[in-house]
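> Okay, here's the prediction I keep looking at, along with the sequence it came from:
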There are 2 protein chains.
Amino acid sequence: MSSTALTFASREQHRAWLREQSALPRGFRVGSASFPFTPFEVPTKPAKMTLTLIVLDEPSRDFALVFTNNAFPGAPIKIGRRRLLEPSLGAILVNNKISNVCAPGGEATAERLCEELSQQLGIAAGAILPSSTGIIGWRLPLEAMVAALPRAVGSLSAGSVLPAAEGIVTTDLYPKVRRANVGAGSIVGIAKGAGMIEPNLATLLVYVLTDLAVPRETLRSLLVSAMRSSFNSMSIDSDTSTSDTVALVSSGRVPCPDLAAFEAGLERVCRDLAEDVVRNGEGVHHVIQVDVSGAPSERTARAIGKSVVNAPLFKCAVAGNDPNVGRLVQAVGKYVGSHEPGLDLSATRMTLGGIPLVERGEFFLDPGKEAELIAHLKGAELYASAPPDDGVFSAAVDFPPHERCVELCIDLGRGSASARVLGADLTHEYVSENADYRS
Amino acid sequence: MSSTALTFASREQHRAWLREQSALPRGFRVGSASFPFTPFEVPTKPAKMTLTLIVLDEPSRDFALVFTNNAFPGAPIKIGRRRLLEPSLGAILVNNKISNVCAPGGEATAERLCEELSQQLGIAAGAILPSSTGIIGWRLPLEAMVAALPRAVGSLSAGSVLPAAEGIVTTDLYPKVRRANVGAGSIVGIAKGAGMIEPNLATLLVYVLTDLAVPRETLRSLLVSAMRSSFNSMSIDSDTSTSDTVALVSSGRVPCPDLAAFEAGLERVCRDLAEDVVRNGEGVHHVIQVDVSGAPSERTARAIGKSVVNAPLFKCAVAGNDPNVGRLVQAVGKYVGSHEPGLDLSATRMTLGGIPLVERGEFFLDPGKEAELIAHLKGAELYASAPPDDGVFSAAVDFPPHERCVELCIDLGRGSASARVLGADLTHEYVSENADYRS
């Protein structure tokens, strides 16, 4: 669970807390502009797109970028990889609704947007990172985007990152902002979820801004390391986006008093954002936290945790507050049988919500335990489905009521390595979101 | 699609066809008995269990068994592996409802059932294969099962395999029987689906009976080979059961005129049964058939096909007859990026229902194509959801109306290997089946 254990009684309370989190580090401004457009591919589906801008007062050489490993990366990813070699980064331009992946002329379109923006900001086009999320395969509405740029530039403002956190979302229920204060400076991150999330990376756009002066090479290695326990240890649906991007940018305005404190703050912001993304995953009713220990390697521990949080039958059981824990051993045995058949599971112990389930590879269940397990699952539920009038399920909350999760411990008894993985259940709301209408 | 392309207008028509398929090969009898029981672990959930018996007139040395590779195999699997070394097989005893996996004393309970049955049949206990499907972790109701055995033995009858096909099901909507006639003999298979299905193997119990005389060693190698293109090329939900079993037993009553014809018949029965299992998978509205070609190896082709049919977002899109084909490139790129990052996808071509989607790694979509794609998806739909009164979705059919499927072709343009994989969509009925009440 989060380093801070929060509860919110209402959307207003959550928004007030978000505003507190959102104070921008020095040296940044953000802005956005929305506009209607009609996709070329399905002209019967008019939509609204939002352009979001994150701009540095001065381009900075200190930035780090990590991208999806999907072998069909979007045009912005291909461009972003080139930007890593540029002398500085001055702005990030994000659009939602269309991801500009495998679309004809995609790279040229994105570069053209960067050129237009570069003229308005007075910086090099190569100092602008384009970033897109949304439907794969469709073309960006270039002219409408170009027409909206001046409005986005005109809205740029220091003070709060919240307009950017709100601008980048797609099916997210609420914006996600996390911060860490370090000395006189701060680290502030925003993230966009909410489906096609299995990192290496997630379907994720994450922008972490800091005014603390940390050099480019250090930022790049710290980001890779912070991602291991955050964005690379979570899965909502096992799918891997073609657009995943995590950016870390420093304006360098505040001397960094303590690199270890910066590293700890960065890790905390990334872990909290990763948990926020899972909690606000499409249709998620329960966050599932799996601690795998006693493993021969961290890789094995993480893979077993992922196998559990990606097992559809276990995910459905959790959704129904049904302690069908047999599906849990299925998921562990599936991974081990296919990938590490030499690993002996006869010493395995498992607990759910602290309640012992399995000892030496065998269950010991009884009616009293069943009731306790149900209570743990219900206690971790974020909301229950409301039967829909029109057959389409939609989320019953637009804020996170609490940060409790389903707590699963799996001790293999075969080593000293461990890993924590976050995942989620599989619900009617997930199916409705992804089957009942086009997201 | 099936080697035979069938349509059924009603449950009665499907049952009549099943009865035709069901003539038992010589030398076998089948029977079953059902009884109420109360699980120890959740005594508030009384249930009905069915015991199914398949008995040879004379124990036969010619049998083949293949089991799950899940690393938490059930007690019947552990016993079955020992049975492979026995001189002969005389009977198979199957129960549904509880799978006897990771349950205390599971092996002793299963062996005890074999001993009881051996006395009633007059054969060695070691000649009896126990087989269980159902909830993992619970204990078998031994006394109630022993009490029901004489009734199952008393019901044994030659003629039709249908009582066994009906007895072994759990959440299946209808029994599954396929046959091939070879010379004067036949090969008749029955299968039980319907969730926790990703073979190597599937959550599958399959029993294939033949009167054609084929020696043990030949049977064993032919079964492994027939499984590659059938039960090992399908996935309903990516989960791997702890109980999967495929048995092939010959009574040896009819000389085999032609081993190649036997092999072809066995492959057809296995492929048709595999397709039946997917078509009747939990909540399945669409069967998805993925042909991957132009691959550097068959392993890569099959893995890419599996990645597509296991991608939740693509599965949801198919469920909604939504040609969100971007999710398809996501699924291909996810596998390649994580497992074979050196494989260049820039020559990839894809078609859906014969309609070209992707050329040289880029989409070319237009409004006309969108309409054609929707028509193909709707044409392959087995049934549409009916909004439920009580919030729990259940299948609107209890027979397979047709054998059409969503036809996807992916040509990587990087070699000459290919594979066909079968999968299914992800629907509200799947979630209801697995979340809204305990299966």
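It's in.
> I'd like to know how many residues surround the residue of the stretch 251-400 of chain A found nearest chain B.
In the stretch 251-400 of chain A, the residue that lies nearest chain B is A:G326 (2.4 Å; Cβ to the nearest Cβ). All C-beta atoms are positioned from the backbone trio N, CA, C, and that covers glycine. The burial count assigned to A:G326 is 27, neighbours taken as other Cβ atoms under 10 Å in any protein chain shown.
> Pop out the phi and psi values for it.
The phi and psi values for A:G326, taken as degrees, to the nearest 10, are phi -60, psi -30.
> Quick one: residues contacting the spatially closest residue to it that is not a sequence neighbour.
Leaving aside its sequence neighbours, A:G326 sits nearest to B:I136 (Cβ to Cβ, 6 or more residues apart in numbering or on different chains; 2.4 Å). Neighbour list for B:I136: A:V325, A:G326, A:R327, A:V329, A:Q330, B:G74, B:S99, B:V101, B:C102, B:T242 [criterion: Cβ atoms under 8 Å, 6 or more residues apart in numbering or on different chains].
> Distance check, the fifth one against A:L222.
What that stands for is A:Q330. 38 Å (Cβ to Cβ, to the nearest Å).
> The two - which one has more neighbours?
A:Q330 (30 against 19).
> Below-threshold pLDDT in the stretch 51-200 of chain A: ranges please.
Scanning the stretch 51-200 of chain A for pLDDT under 70 picks out A:194-200.
> any chance you could map the helices in it?
A:75-83, A:106-121, A:142-154, A:162-167 (DSSP state H, counting those that start in this stretch).
> Which of those helices has the highest mean neighbour count?
helix A:162-167 (a mean of 23; mean count of other Cβ atoms under 10 Å in any protein chain shown).
> could you give me the average pLDDT of stretch A:344-353?
Average pLDDT, stretch A:344-353: 94.
> Identify the residues contacting that stretch?
Under Cβ under 8 Å, 6+ apart, the answer for stretch A:344-353 is A:294, A:323, A:325, A:328-329, A:332-333, A:336, A:356-361, A:372-373, A:375-377, A:379-380, A:406-414, B:71-72.
> Can you mark which positions in that stretch are buried?
A:L345, A:T348, A:R349, A:M350, A:T351, A:L352, A:G353 (16 or more other Cβ atoms under 10 Å in any protein chain shown).
> quick one, domains of chain A?
A:11-279, A:287-436 (automatic domain parsing).
> Could you tell me the end-to-end distance of the longest one?
The straight-line separation of the ends of domain A:11-279 (Cα to Cα, to the nearest Å) is 15 Å.
> chain center to it, what's the gap?
11 Å (Cα atoms, centre = their mean, to the nearest Å).
> what sits against A:A424?
Contacts of A:A424 by Cβ under 8 Å, 6+ apart are A:I236, A:V278, A:R279, A:G281, A:V284, A:H285, A:H286, A:V287, A:I288, A:V309, A:K315.
> Equivalent analysis for A:I98, please.
The contact partners of A:I98, by Cβ under 8 Å, 6+ apart, come to A:P39, A:M49, A:S132, A:G134, A:I135, A:W138, A:R139, A:L140, A:P141.
> What residues of the longest strand that chain A contains count as buried?
Across chain A, the strand with the greatest residue count (assigned by DSSP state E) is strand A:47-60. By neighbour count on 16+ other Cβ under 10 Å, the buried set for strand A:47-60 is A:A47, A:M49, A:T50, A:L51, A:T52, A:L53, A:I54, A:V55, A:L56, A:P59, A:S60.
> Between all of the residues you listed, which two are separated the most?
A:A47 and A:S60 (33.8 Å; Cβ to Cβ).
> wait, the residue of the stretch 251-400 of chain A closest to chain B sits on B:C102?
Yes - the pair A:G326 and B:C102 qualifies as a contact (Cβ atoms under 8 Å) at a distance of 7.3 Å.
> Now for these two: what residues contact both?
Residues touching both A:G326 and B:C102 by Cβ under 8 Å, 6+ apart: A:F363, B:I136, B:G137, B:T242.
> What about A:G342, how many residues nearby?
So A:G342, with other Cβ under 10 Å, has 7 neighbours.
> what's the closest non-adjacent residue to A:A110?
Using Cβ to Cβ, 6+ apart, the nearest residue to A:A110 is A:P130, at 4.3 Å.
> For that neighbour, grab the count of nearby residues.
With other Cβ under 10 Å as criterion, A:P130 counts 28.
> which residues touch A:P130?
By Cβ under 8 Å, 6+ apart, the contact set of A:P130 is A:A75, A:P76, A:I79, A:G80, A:L93, A:N100, A:A110, A:E111, A:L113, A:C114.
> Is A:V206 bridged to anything, and to what?
For A:V206, the beta-bridge partners are A:A191, A:V246 (DSSP bridges).
> Also the one 4 residues further on?
With DSSP bridges applied, the residues forming beta bridges to A:T210 are A:I187, A:S250.
> For stretch A:164-178, measure first residue to last.
For stretch A:164-178, the end-to-end distance is 13 Å (Cα to Cα).
> who does whichever helix in chain A runs longest touch, helix- and strand-wise?
Determined from DSSP state H, the single longest helix within chain A is helix A:259-279. If you count contacts as 3 or more Cβ pairs under 8 Å, 6 or more residues apart in numbering or on different chains; DSSP states H and E, helix A:259-279 packs onto strand A:176-182, strand A:185-192, strand A:205-213, helix A:216-228, strand A:287-295, strand A:417-424.
> What residues of that helix count as buried?
Buried, per 16+ other Cβ under 10 Å, within helix A:259-279: A:262-263, A:265-279.
> Please give me every residue in contact with the residue of the stretch 251-400 of chain A closest to chain B.
For A:G326, the contacting residues are A:F363, B:S99, B:V101, B:C102, B:I135, B:I136, B:G137, B:W138, B:T242, by Cβ under 8 Å, 6+ apart.
> ok, now with 6 Å
Counting by Cβ atoms under 6 Å, 6 or more residues apart in numbering or on different chains, A:G326 touches B:I135, B:I136, B:G137.
> quick revisit: could you dump the domains of chain A into CSV and include distance to B:A180?
Formatted as CSV, the domains of chain A follow (distance: least, Cβ to Cβ, whole Å):
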stretch, distance to B:A180
domain A:11-279, 37
domain A:287-436, 31
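> quick one, helices of the stretch 301-439 of chain A?
Per DSSP H, counting those that start in this stretch, the stretch 301-439 of chain A carries helices over the ranges A:312-319, A:326-339, A:367-379, A:428-431.
> Would you mind giving those as TSV with mean pLDDT added?
Shown next, in TSV, are the helices of the stretch 301-439 of chain A (pLDDT from 0 to 100):
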stretch	mean pLDDT
helix A:312-319	91
helix A:326-339	88
helix A:367-379	93
helix A:428-431	89
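> And those: which comes nearest A:R420?
That would be, of these and by Cβ to Cβ, helix A:326-339, which comes in at 15.6 Å.
> residues of that closest one that come out buried?
By 16+ other Cβ under 10 Å, the buried positions in helix A:326-339 come out as A:G326, A:R327, A:L328, A:V329, A:Q330, A:A331, A:V332, A:G333, A:K334, A:Y335, A:V336, A:G337.
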